[in-house]
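Colleague: need a structure here:
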Amino acid sequence: MAKSLSELTSNPTSVTEFTSKSKVSSVKKVKKEPETYVFRLIKEHPKYYEGSNIFPPSLMMPNTDTILYNFGTDTDTDYQPRQIRYIEGLNTIFVDEQEANAPLAESVVNKMGNQIIFESGHLRIPSWNKQLIQFLKLNNQCENQKNKLKSINNLYKMLDFVNTDDNVVELGKKKDRAYDVARTATEEDMIPHAKFLGIPFIHAANGEERDIDVIREDYKAKALENPENFLLYATNPKVKIRYMIDKALAKNVITTGLVKGQLHWALSKQLITDIPTDKQPLDAITDYAYSEEGEAFCKTLKTQV
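Modeller: Below is the predicted model of the structure:
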């Protein structure tokens, strides 16, 4: 028989237990920080004899890099190149902040303490050395860094001995969110993003167009493969602009073929903009179209593609 209200309220133990359990379940687990961060080389070499090391005795990596840094927020991202450099004793790794007042002296830039060396395949950094840890996490050669400026082979990865279970749970949540986005996205939203992710739209064997349902399955697989990267670009407006420009180039609405380093309207031969030589044409045109200067071009292009 169900207990009456008076019976429930007259039993303080049950109420206390329920309240205690509720509080426990609502308390968010605080992520621990390890005393030492460990970074490990990825590439292993075969053992040539018993007891030999799979890693070189020592390996030095550069203490400078150019990364893709988010100057915006998590919801309104603004990724731009930014130089980083590890200098022992400085409280920032960003070159623009290091040289805010004046360039650093050569003796500071070249001192021995700036060297980053893996010994027997590992680099152990105490948690108080925030700058070196930040440099290693943001570096393009770090496997854990998913938002890379340039496509290069990963040199090392950060090991996590403390928060392994937390990471598994967090990754699971990201996979759920990414899969839901992939499953429910409209074709209008999915196609540009799928193109950006490198999903093929044409059969390599016969040159025929792939069915949209098959592309959707590949799209969902990409969501589970790298959910963080998937979610990062799923709602990025530059992805749609990039797709539109790629289509316009393929249809010869716009062209880079008239004059090297320039973009023209194909029909009128009118100059649209110069294209920087240090970028891929598609990336450069996308950046231009997304800028305030290229707003009119972007609007006109939408009416023609």
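
Colleague: shaky segments in the stretch 101-250 of the chain?
Modeller: 161-167 (pLDDT under 70).

Colleague: mind listing the strands for it?
Modeller: Along the stretch 101-250 of the chain, the stretches classed as strands by DSSP state E, counting those that start in this stretch are 116-119, 122-126, 156-159.

Colleague: Please identify the deepest-packed of the ones you listed.
Modeller: strand 156-159 (a mean of 18; mean count of other CB atoms under 10 Å). Heads up, the C-betas are built off the backbone N, CA and C, glycines and all.

Colleague: export that strand as CSV, just CAs?
Modeller: This file holds the C-alpha atoms of strand 156-159, laid out as CSV (Å, rounded to 0.1, in the frame of the first residue of the first chain):
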residue,chain,number,x,y,z
TYR,A,156,53.4,13.8,-30.2
LYS,A,157,50.3,13.4,-28.0
MET,A,158,49.4,14.4,-24.5
LEU,A,159,48.7,11.5,-22.1
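
Colleague: Please name every helix or strand in contact with it.
Modeller: Using 3 or more CB pairs under 8 Å, 6 or more residues apart in numbering; DSSP states H and E as the contact criterion, the elements in contact with strand 156-159 are strand 36-41, helix 130-138.

Colleague: immediately after the shortest one, which helix or strand?
Modeller: Looking back up the chat, that one is strand 36-41. strand 58-61 (DSSP states H and E).

Colleague: Work out the gap between the longest helix seen in the chain and the centre of the chain.
Modeller: Counting residues, the longest helix found in the chain (DSSP state H) is helix 164-184. Centre-to-centre, helix 164-184 and its host chain are 15 Å apart (CA atoms, centre = their mean, to the nearest Å).

Colleague: can I see the domain layout of this structure?
Modeller: Listed by automatic domain parsing, the domain ranges of the chain are 36-162, 163-235, 238-305.

Colleague: I'd like the next helix or strand past the helix or strand harbouring Arg82.
Modeller: Using DSSP H and E, Arg82 sits in strand 79-85. Per DSSP H and E, strand 79-85 leads on to helix 95-98 as the next helix or strand towards the C-terminus.

Colleague: Looking at that next one now, give me its mean pLDDT.
Modeller: For helix 95-98, the mean pLDDT works out to 96.

Colleague: and that helix, which residues are buried?
Modeller: Neighbour-count burial for helix 95-98, counted by 16 or more other CB atoms under 10 Å, picks out Val95, Gln98.

Colleague: now swap in stretch 280-287 and tell me
Modeller: So, applying 16+ other CB under 10 Å, buried residues of stretch 280-287: Ala284, Ile285, Thr286, Asp287.

Colleague: Assumed Thr66 was part of a strand.
Modeller: Yes - counting by DSSP: H, G, I helix; E, B strand; the rest coil, Thr66 is found in a strand.

Colleague: Beta-bridge partners for it, please?
Modeller: Beta-bridge partners recorded for Thr66 (DSSP bridges): Gln83.

Colleague: Arg85 is in contact with that one, correct?
Modeller: No - with contact defined as CB atoms under 8 Å, Thr66 does not count as touching Arg85 (9.9 Å).

Colleague: picking up where we left off before, other residues contacting the longest helix of the chain?
Modeller: Applying CB atoms under 8 Å, 6 or more residues apart in numbering, the contact partners of helix 164-184 are 29, 31, 160, 190, 216, 219-220, 222-224, 227-228, 230-231, 234.

Colleague: Which among those count as buried?
Modeller: Met190, Arg216, Tyr219, Lys220, Lys222, Ala223, Pro227, Phe230, Leu231, Ala234.

Colleague: Look up how far Pro227 lies from the residue nearest to the last one when sequence neighbours are not counted.
Modeller: Right, the one you point to is Ala234. Closest residue to Ala234 apart from its sequence neighbours, by CB to CB, 6 or more residues apart in numbering: Val181 at 5.3 Å. Per CB to CB, to the nearest Å, Val181 is found 9 Å from Pro227.

Colleague: Likewise for Val253?
Modeller: 35 Å.

Colleague: before we move on, back to that, give me the more crowded residue out of Thr66 and Arg85.
Modeller: Set side by side, Thr66 and Arg85 show more neighbours around Arg85, with 21 against 14, by other CB atoms under 10 Å.

Colleague: Test my guess that the more buried one contacts Thr64.
Modeller: Yes - counting by CB under 8 Å, Arg85 does reach Thr64; the two are 4.6 Å apart.

Colleague: any residues in contact with both of these two?
Modeller: With CB under 8 Å, 6+ apart, Arg85 and Thr64 have common neighbours Val95.
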